[in-house]
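Asks: what's the 3D shape of this:
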Amino acid sequence: MRRPLEGPAAWWTQAIRSLSTLALGLALLAGPAKAQCRLALALGFDVSASVDQREYRLMMQGTADALRDPQVQAAIFVGAPVTLVAYVWAGAREQAIAAYWHRMQTPQDLAVFADRVAGFARPNGDPLGTWGGRTGVGAAVAAGGRLLAQPPALACDAQTLDLAGDGPSNDGPDTTRLPGVTVNALAIGGDLPLDHERIYDRLSTWYRDRVIQGPGAFVMIADGFEDFAQAMRRKLLRELMPPLMGTLNANTPPQHERR
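Replies: Numbering: from 1, shown residues only. I've put the predicted structure just below:
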């Protein structure tokens, strides 16, 4: 049974409902979008050995479903365009692009991008199809930083890296500093204890203290891969809606956000 929304999650749910309606109305009134890009958003997905094939499909299809959500689409198409890229990562030397930079000018652009994410075949390596199987979080952040340093992203007013994973780093550094970039995290199973960690008892805490960085950075929690689509939807809305948040007279929720 799902828990009722409370605290920051309830606040964001109400805010998102109001703002998505406003965003859709503004998008219809605004007409064709300007050539300027307001946000470059890189989506990075953990495909290390801890993620099995079923969980991989839930993650990639869940992301595509979140991108197709009407509220997310309304948030994407209000104001100047958003530019998206998606990649997968495992060990420190294992990253691959799932869908290259694409500027979202029309709903068709978004549909094409979502289809590419959903249909991306998991990279092969060992018999499980999980490359070397290790988890290189810092290298994944660095890979996102390299993508955000490319011309399609540099043409945007802001750059954000959206990193999703189900475990702490065990290959290479825990993170990489990216000046000028906001790094957010989606902790899958983020309230489950990390039995092998003595300092951090929860993955969401590990991401908060070691990975997220930049203006407004936060950690979102997915209770498991079955919850991934809804968690990604909430995360995308929070990342896409800030330009409208000035219309609210309320305090900003804390960085460590639960459902």
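
Asks: Was I right to think Gln73 contacts Gln108?
Replies: No: counting by C-beta atoms under 8 Å, Gln73 stays clear of Gln108, with 11.5 Å between them. (Glycine included, C-beta is placed from N, CA and C.)

Asks: between these two, who's got more neighbours?
Replies: Gln73 (21 against 9; other C-beta atoms under 10 Å).

Asks: Verify the stated contact: Arg210 with Pro173.
Replies: No: with contact defined as C-beta under 8 Å, Arg210 does not count as touching Pro173 (9.5 Å).

Asks: Compare those two (neighbour count), which wins?
Replies: Taking other C-beta under 10 Å, Arg210 and Pro173 do not tie; Arg210 has more neighbours (18 against 15).

Asks: pLDDT score assigned to that one?
Replies: pLDDT for Arg210: 94.

Asks: per-residue confidence for Pro242?
Replies: For Pro242, the model assigns a pLDDT of 61.

Asks: nope, Asp223 is what I was after
Replies: 89.

Asks: Could you count how many residues lie near it?
Replies: 18.

Asks: May I have the strands that pair with the helix or strand hosting Thr83, each with its orientation?
Replies: Secondary structure assigned from DSSP states H and E places Thr83 in strand 82-89. Taking DSSP bridges as the criterion, strand 82-89 forms sheet pairs with strand 39-46 (parallel), strand 95-103 (antiparallel).

Asks: tell me the most buried of those strands?
Replies: Compared across these, strand 39-46 shows the largest average neighbour count, a mean of 25 (mean count of other C-beta atoms under 10 Å).

Asks: avg pLDDT for whichever strand or helix holds Ala118?
Replies: Assigned by DSSP H and E, Ala118 belongs to helix 107-119. Helix 107-119 shows a mean pLDDT of 98.

Asks: Could you list the residues in contact with it?
Replies: 43, 60-61, 63-64, 67-68, 73, 76-77, 84, 86, 98-99, 102-104 (C-beta atoms under 8 Å, 6 or more residues apart in numbering).

Asks: Restricting to C-alpha, output that helix in PDB.
Replies: What follows is helix 107-119, C-alpha atoms only, in PDB (Å, rounded to 0.1, in the frame of the first residue of the first chain):
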ATOM      1  CA  PRO A 107       5.800  17.300 -29.100                       C
ATOM      2  CA  GLN A 108       7.100  15.200 -31.900                       C
ATOM      3  CA  ASP A 109      10.700  15.900 -30.900                       C
ATOM      4  CA  LEU A 110       9.900  14.800 -27.400                       C
ATOM      5  CA  ALA A 111       8.100  11.600 -28.600                       C
ATOM      6  CA  VAL A 112      11.200  10.700 -30.700                       C
ATOM      7  CA  PHE A 113      13.500  11.200 -27.800                       C
ATOM      8  CA  ALA A 114      11.300   9.200 -25.400                       C
ATOM      9  CA  ASP A 115      11.200   6.300 -27.900                       C
ATOM     10  CA  ARG A 116      15.000   6.300 -28.200                       C
ATOM     11  CA  VAL A 117      15.400   6.100 -24.400                       C
ATOM     12  CA  ALA A 118      12.800   3.300 -24.100                       C
ATOM     13  CA  GLY A 119      14.300   1.300 -27.000                       C
END
